[in-house]
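Participant: Okay, here's the prediction I keep looking at, along with the sequence it came from:
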Amino acid sequence: MTTAGTTVRQARVTIDGSCGSVAVGTTLFDFAESLNLTVPTSCYKQGKCRECLVEIESGGELLSPLTPQENHLSGKFRLACRTRVASTGEIKCHTLRRGSLRIETEVTGLSRELEFDPAVTRDSSRILMDGESIAESVNAVHGLAIDIGTTTVALRLYNLETGEHVATHSFENPQRFGGSDIMARIRFDGEQKGRLLQRTLLGYLSRAVTSLPVDPLSIFEMVVVGNPTMRDLFFGLDVQTIGVMPYRSTTEAAFKDGRSATTSLAIEALRLRLPVHPKARVYGLPLVGSHVGADAAACVLATGIAERDEICAVLDIGTNTEAFIGNRHRLLAASCPAGPAFEGGGVTFGMPALDGAIERVQILQDGRAQTTVISDLEPAGICGSGLIDLLSELRRTERMNEQGRFTADEHQFMIDAVHNITLSEADINELAQAKGANAAGLRVLADSYGIPLGRIERLYLAGGFSRHIDVDAACRIGLVPDLPRDRIHKVGNAALQGASIALLSRRKRARLEEIVKRIEHVRLETHPQFFDFFVEGCQFESFGR
C-alpha cells in the first residue's frame, strides 16, 4: 500500500477469526474496532481499566514491547489499547470473550421443579427483602444466579415474581491472564496490587448484566457460587490463606474459630459497583471446606444427594475437581487438583471447546483417525472430549498400553496428518496425572466411607466438560468408575442450577447452610493409600467394578 508516494508497511492480523491488513503503528484495539469487534473496556483506550485483554496466539515478536500498564501481564497476554503492530508479518490473537467457546449453562436429568420462595418480594409498589422494604418500583423484579468457574462464567436471569427463567449469558473468565489454575491466581493476587483480578472480572460481569433484556436496576438479588478462590476474589477478599496449609478461606477460618456462624457472604451491590439496583444483595453460597467451595455446595443442592437414602456420588470435573460420596445420613467431600490438561492446558495440541476443536475421535481399521470437529471447521487442535475418545481408542486398538506408552516403535500418534495434529507420550503423561487425581479422590472418599465403589447407586457427572464426554470411553481409560451405565448420569451445570435454586427458595438456601456444616471434608494427602490410589489412577484401565 502507498500513500502520496510513501509505502505503508503492513502486517496481516487475525483477531477472533476476523483478519485484515494493518498498518504498522496501529493498535490492536483500533484494528478490532475497524472490524466492528467489541473489545471490553471501561476507560476507552486509556490503559487504566486493564480490561481490553487479548491473548496472542502467534506473532508476538511483531508487536510493540510491553508498556508500564501491562507489567502485570505475561508475554502471552496484552492490552489491546497499548499494543501496536511494530513489524510486518502475520499476527494471530483473540479477545477473552470468544463467542465460539462452548460454555455449559443447562442441566439434564435433574428435577426442574423449583420451590418458589424468593427472598425478594413485592408489596404493591414496595420491594421487600426478607420482609423489609428496600425500594419502590412498579417494574418487574429480577434476580441473577451466577457460577464463577476458573475458566468460564455463566449466569441466569430470573423473574422473582413468577420464577420465570428470563435469559442466560456466559463468557470466558478474563482472570486467565493471572494463571490457568487457582494456585496461580492466588500467587498473582498476592504479588499484584489493586485487586486486578477482581476489577477485571467485575468489568466483564457488568457488561454481561447490561446486555441482558431487562433494566439492570430491576435486579435486586444475585446469588454467586464458585470455588473458594473464585468466590472470594469476586468479593474482594484476601485469598492468600487458601494457598497455604490448611488451605482455608478467611470466612472458613472465622467459622472454625467461632467468629462467624457461616461461611456464606452477603453485601450490597453498591460496594461492588455493579450496574444493578444499589440496594441489591449479593449473596455468596457457603463453602464446604478447604478447596471445596460454594459451587460444590450448589451441586449438592441441585442433585439432592444430601436428601436421599441411596448412596450417591458427584464428580464435578474441571481444573479443580470436586467429589462427593454419601447420602442424607453421612456425606463426604474432597477436592482433586486435576489441573487444566483436559481443558487443553499442557497438551501440545490441546485447546478449549472452541470452533475448530476436534471433539470426537475414532481409530479405523487401517490405523487412521476419523475425527469430528466443532462447527465442521478446519481442525486447530483437540479438546477434552476428543482427548478422552482418543485415549480410549488407543487402548481399544492396543496402540497404547495401560501405562500410557505406545506399543509400536513410535513417539507420537498422528491425529490429523493434513494439519499435523499429534498426541505425544508427554501429552499422555499430562492427561494421566489429571485422570489419576480424579480417580484417587473418588477412591479415597469410598474407602473413607467404608464402601467399595460398586456400592454407588447413582454417579452424577457435573460440569460442562462432563456433559460432552463419551461415558464408555471415560470408563475404559479409568477417568470415572466403570459402573453399570444406568447408574451414571451426565447432568450439566449443576453448580448454576444450585445457585438458581438458592435464588428462588429461601428455605432451600437455609437448608444448604445446615447441610454444609455436616459434610465431612477429607484431605486426600492425609489418607494412607492416597499415593497408591493416585499411581493406580494414572493407569489407563477401568476401575470400580
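Facilitator: Looks like it came in fine. Note that this is a predicted model, so its numbers are computed, not measured.
Participant: quick one: low-confidence parts of the stretch 101-250 of the chain?
Facilitator: 101-102, 104, 111-113 (pLDDT under 70).
Participant: how about the helices in it?
Facilitator: Under the criterion DSSP state H, counting those that start in this stretch, the stretch 101-250 of the chain contains helices at 182-191, 196-210, 228-235, 250-256.
Participant: got the ones you listed as a markdown table, with distance to Glu378 and mean neighbour count columns?
Facilitator: All C-beta spots, glycine's among them, are computed from the backbone N, C-alpha and C. Listed next are the helices of the stretch 101-250 of the chain as a markdown table, based on distance: least, C-beta to C-beta, whole Å; neighbours: other C-beta atoms under 10 Å:
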| stretch | distance to Glu378 | mean neighbour count |
| --- | --- | --- |
| helix 182-191 | 31 | 18 |
| helix 196-210 | 29 | 20 |
| helix 228-235 | 34 | 26 |
| helix 250-256 | 47 | 18 |
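Participant: closest one to Ala446 among the ones you listed?
Facilitator: helix 228-235 (24.2 Å; C-beta to C-beta).
Participant: then the closest one to PDB, C-alphas only?
Facilitator: Presented in PDB, the C-alpha positions along helix 228-235 are these (Å, rounded to 0.1, in the frame of the first residue of the first chain):
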ATOM      1  CA  PRO A 228     -13.300 -20.600  47.400                       C
ATOM      2  CA  THR A 229     -10.700 -18.700  45.400                       C
ATOM      3  CA  MET A 230     -13.100 -17.600  42.700                       C
ATOM      4  CA  ARG A 231     -15.800 -16.700  45.100                       C
ATOM      5  CA  ASP A 232     -13.500 -14.700  47.400                       C
ATOM      6  CA  LEU A 233     -11.700 -12.900  44.600                       C
ATOM      7  CA  PHE A 234     -15.100 -11.800  43.300                       C
ATOM      8  CA  PHE A 235     -16.000 -10.400  46.800                       C
END
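Participant: contacts for it?
Facilitator: 148-150, 173, 175, 182, 185-186, 189, 197-198, 201-202, 224-226, 238-239, 242, 249-252, 265, 267, 272, 282, 284-285, 287, 290-295 (C-beta atoms under 8 Å, 6 or more residues apart in numbering).
Participant: cool, and stretch 417-435?
Facilitator: Everything outside stretch 417-435 that qualifies as a contact, by C-beta under 8 Å, 6+ apart, is 338-339, 341-342, 346-350, 358, 378-382, 387, 390-391, 400, 404-406, 411-415, 477-479, 537-540.
Participant: Any idea how far it is from the middle of the chain?
Facilitator: Mean-position distance between stretch 417-435 and its chain equals 22 Å (C-alpha atoms, centre = their mean, to the nearest Å).
Participant: And for stretch 406-421?
Facilitator: The answer for stretch 406-421 is 30 Å, by C-alpha atoms, centre = their mean.
Participant: same check, this time on stretch 309-329
Facilitator: 18 Å.
Participant: which residues in this structure form helices?
Facilitator: 28-34, 182-191, 196-210, 228-235, 250-256, 294-303, 384-396, 425-449, 464-467, 471-476, 494-504, 506-518, 530-537 (DSSP state H).
Participant: Show me the one of the ones you listed that comes nearest Ile374.
Facilitator: Of the helices of the chain, nearest to Ile374 by C-beta to C-beta is helix 384-396, at 9.2 Å.
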